[in-house]
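Chemist: Predicted model follows, preceded by the sequence.
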Amino acid sequence: MKVRLLIFALVAAALVAALFAQSGSREVSVIVTNGIVVTMNPARQVIQNGAVAIDGTDIVAVGPTPEVTARFRARERVDAAGEIVLPGLINTHTHAPMVLFRGLADDLALSEWLEKYIFPAEAKTVSPEFVRAGTRLAALEMIESGTTTYADMYYFEEEIAKETKAAGLRGVLGQTIIQFPVADAKAPADALARAEKFITAFKNDSLITPAVAPHAIYTLDAASLRAARDLSRRHNVPTLIHLAETQDEAKNSETQFKLSPVGYLESLGFLGPGVLAAHGVWVTEPDIALLTMRHVGISHNPESNMKLASGTAPVPAYLRADAAIGLGTDGAASNNDLDMFEAMRMASLLHKLQSADPRAVSAKTALEMATIRGARALGMESRIGSLETGKRADLILVDVSGARQTPMYDPVSHLVYVSRGDDVRTTIVNGRILMREKKVLTLDEAQVLRDARAWADRVRGAVR
């Protein structure tokens, strides 16, 4: 009898405690439960049965599901059973509207690809309408494949910003400055004026970080490069630039300026915090040391570098120097997709092969480059890139329940070597669910695809 009474008392106490906990719990907007949570926090913690509580735009708790659900109750729950929960992927370099040029000209070197195909096609087709349709298509692809933040360089960047914001993605978006006449500006001065207007319009936006994007040292003179960087500094916004992408760029810089591309930008007073340099392939150890010392972010784009035969960036050397290096896809015209899972896998495999060292870029490092290291490259590591209390609620759920993902011994290994973009089932940015169970909620997928196909017909006509 005493034993029964004791058991009854314990059960009653547990029920009372549960009811008290529930009544005393805090209401939040969303709780993701029952997933394998890959936090990418400083300890790189992985929680086997984990949960993430979101209130508004922010993460308010990360931990074991029983603990989180005891502290919080949600207006909306997302069950992540059979899925990995991780920070949204960060694409540090692309040209979003160029998805409409996907596959237009393949198997060419960069200079021929640009000068004979892409620049002429852009001259005949790029318009605000083109940019809007292309951005919607790129946003759809990124949401579906788990990218939550991307850095962009293109024309009519204010249109890209509007579509990015409407789709719910986070963007670091750079208005391109280039020496010759383009669709939205006849001269660098016109592009700089557009850039300043763009910065003013979006400077304090919760999702859009406006930036200035001088194209490259070979498409701008020194005065324009300085003016672009000065504009960025004046408004305290990022500067995005292509740098040391090809051997020809490096050779021409040595011939013309007696300096490497990195050294040339340093001579102009260009380098410093807030600069994000795309590619960084043809650099020396002193260049890497200088970029690191100046706190320049690097965007490594393994797929486009391989496809255009531009070379292999010295990523192990960047990592040894503790440079702020992230991953990018580049534009879909030269990749030919925006799948950051492929970028992770290619980065890891390429540098193993190139260095003859299977440890050169591990799965852990590749995932870091697509998340927290990418955030650092953008100067946003205090806000995004890991699942931690106080950071923005940017996260994705990746299905690992199928035959291809079975068995799973290490979730980090699976994310890099097994998973693909189409394994993403749910995408959340700034606390808003953009895709749930493969259904995109912020874009009309059928209309986006119809518009893209209509533009493809125009592009075909323009390049014949």
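Modeler: Great, that's in hand. Numbering: from 1, shown residues only.

Chemist: Return the distance of stretch 255-268 from the chain's centre.
Modeler: On the basis of Cα atoms, centre = their mean, to the nearest Å, stretch 255-268 is displaced by 29 Å from the centre of the chain it belongs to.

Chemist: Packing partners of the strand ranked longest in the chain?
Modeler: Determined from DSSP state E, the single longest strand within the chain is strand 26-38. The helices and strands touching strand 26-38, judged by 3 or more Cβ pairs under 8 Å, 6 or more residues apart in numbering; DSSP states H and E, are strand 46-55, strand 58-64, helix 65-71, strand 72-79, strand 83-87, strand 395-399, helix 411-417. Quick note: C-beta positions are derived from backbone N, CA and C, even for glycine.

Chemist: Break down the stretch 251-400 of the chain into its helices, ranges please.
Modeler: Using DSSP state H, counting those that start in this stretch, the helices found in the stretch 251-400 of the chain span residues 261-267, 285-293, 302-307, 315-320, 340-355, 363-370, 372-377.

Chemist: Dump the ones you listed to JSON lines, plus mean pLDDT.
Modeler: Below are the helices of the stretch 251-400 of the chain laid out as JSON lines (pLDDT from 0 to 100):
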{"stretch": "helix 261-267", "mean pLDDT": "98"}
{"stretch": "helix 285-293", "mean pLDDT": "98"}
{"stretch": "helix 302-307", "mean pLDDT": "96"}
{"stretch": "helix 315-320", "mean pLDDT": "98"}
{"stretch": "helix 340-355", "mean pLDDT": "98"}
{"stretch": "helix 363-370", "mean pLDDT": "98"}
{"stretch": "helix 372-377", "mean pLDDT": "98"}
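
Chemist: for those, which one ends up most surrounded?
Modeler: Mean neighbour count (mean count of other Cβ atoms under 10 Å) peaks for helix 372-377 among those, with a mean of 27.

Chemist: With only the CA atoms kept, save that helix in CSV.
Modeler: What follows is helix 372-377, C-alpha atoms only, in CSV (Å, rounded to 0.1, in the frame of the first residue of the first chain):
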residue,chain,number,x,y,z
ILE,A,372,29.5,30.6,-40.2
ARG,A,373,32.6,31.3,-42.2
GLY,A,374,30.5,32.7,-45.0
ALA,A,375,28.8,34.9,-42.4
ARG,A,376,32.2,36.1,-41.3
ALA,A,377,33.2,36.8,-44.9
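
Chemist: Straight-line length of stretch 270-282, end to end?
Modeler: 18 Å (Cα to Cα, to the nearest Å).

Chemist: Let's have the helices of the stretch 251-400 of the chain in JSON lines, adding distance to residue 188.
Modeler: Listed next are the helices of the stretch 251-400 of the chain as JSON lines, based on distance: least, Cβ to Cβ, whole Å:
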{"stretch": "helix 261-267", "distance to residue 188": "16"}
{"stretch": "helix 285-293", "distance to residue 188": "24"}
{"stretch": "helix 302-307", "distance to residue 188": "25"}
{"stretch": "helix 315-320", "distance to residue 188": "30"}
{"stretch": "helix 340-355", "distance to residue 188": "31"}
{"stretch": "helix 363-370", "distance to residue 188": "32"}
{"stretch": "helix 372-377", "distance to residue 188": "26"}
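
Chemist: Select, out of these, the one closest to residue 55.
Modeler: Among these, helix 372-377 comes nearest to residue 55, with 21.0 Å by Cβ to Cβ.

Chemist: by contact count, what packs against that closest one?
Modeler: Using 3+ Cβ pairs under 8 Å, 6+ apart, the elements in contact with helix 372-377 are strand 89-94, strand 297-300, strand 324-327.

Chemist: try 10 Å this time
Modeler: Applying 3 or more Cβ pairs under 10 Å, 6 or more residues apart in numbering; DSSP states H and E, one finds that helix 372-377 makes contact with strand 83-87, strand 89-94, strand 147-154, strand 297-300, strand 324-327, helix 363-370.

Chemist: my read: residue 353 touches residue 360, true?
Modeler: Yes. At 8.8 Å, residue 353 counts as touching residue 360 under the criterion of Cβ atoms under 10 Å.

Chemist: Can you check the distance spanned by stretch 206-223, start to finish?
Modeler: Chord length of stretch 206-223, first to last residue, is 32 Å (Cα to Cα).

Chemist: so how far is residue 274 from residue 196?
Modeler: Per Cβ to Cβ, to the nearest Å, residue 196 is found 16 Å from residue 274.
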